[in-house]
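*Asks:* Below: sequence and its predicted model.
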Amino acid sequence: HHRGMEPATPKPPDAERPASVLVVDDDPQVAEVIRQVLVREGYLARVAADGTLALAQVERERPDLVLLDLVLPGTDGLEVLRQLKGQDREGFLPVILLTGQGDMETRLRGLKLGADDYLTKPASPRELLARVEALLKIKRLHEQIATTRQKYEDASLVDAGTGLYNARHRLAKMLAKKGV
C-alpha cells in the first residue's frame, strides 16, 4: 500500500432500469393517484383509460406489470385480461386486478382467467406497493429461470471438449426441418 494512494472504491453496479407499470382505469383521478404512488417509489408508470388503449399500449411497449380495473368502457377488464394472458408469449406478465368491494364473483372469474392478484379499491398505497413488488420479484425469478434454461439448452448442443456442435444439435436441426 503506497502512501497517498487510497484503494479505489468499487463503483456501484449499474442501477437496473426501473420497472414499468401500466395502470388501466377509466377514472382519471384514481389512475393518477396510483400513478403518483408508483412514481414516488421509482417505478415508470403509464396510464390507459380503457381496455382498447391498454392492449395497444402493451403491444407497443410491454410493461413489467399491469394494474387492471375490471370495470372499463368498451373492452372490459376481464376481456383485456383474457387477451393479455392469451398472448403472453414473451414470458410472465403479472396482472393485478383492481375491483370494487362486493365484486367476489368477478374477482374469482379474473383469478381463473390468470390474474395473479387483486386489490379492492380504494387500496392503501402500502398494500398496493407490497403486492406490486412481490409480483415483480416473481417475474424476475421467472426471467432468471428462463435464462438459465436457455444456457443449459445451448450447452447441451455443443461438445465441451471441442466446442463443436454435437449429435444432439444435428438431430434437433433435422427434426426442425421435418417440422417435428
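*Replies:* Sure thing, it's come through.

*Asks:* Enumerate the positions of stretch 39-55 that are buried.
*Replies:* Glu41, Tyr43, Ala45, Arg46, Val47, Ala48, Ala49, Asp50, Gly51, Leu53, Ala54, Leu55 (16 or more other C-beta atoms under 10 Å). Just so you know, the C-beta spots here come from the backbone N, C-alpha and C atoms, and that holds for glycine as well.

*Asks:* start to end distance for it?
*Replies:* Between the opening and closing residues of stretch 39-55 there is a gap of 22 Å (C-alpha to C-alpha, to the nearest Å).

*Asks:* now the strands: where do they sit in the protein?
*Replies:* Per DSSP state E, the chain carries strands over the ranges 20-24, 44-48, 65-69, 95-99, 117-120.

*Asks:* Is it possible to get those out as CSV so that each row also shows distance to Thr106 and mean pLDDT?
*Replies:* Below are the strands of the chain laid out as CSV (distance: least, C-beta to C-beta, whole Å; pLDDT from 0 to 100):
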stretch, distance to Thr106, mean pLDDT
strand 20-24, 15, 96
strand 44-48, 20, 96
strand 65-69, 11, 95
strand 95-99, 6, 92
strand 117-120, 9, 91
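
*Asks:* Need the winner for burial among these.
*Replies:* Ranked by mean neighbour count, those are led by strand 65-69 with a mean of 26 (mean count of other C-beta atoms under 10 Å).

*Asks:* circling back: list just the nearest of the buried residues of stretch 39-55 to Pro28.
*Replies:* Ranked by distance to Pro28 (C-beta to C-beta), those are led by Ala49 at 7.0 Å.

*Asks:* Please consider this matter closed, and thank you.
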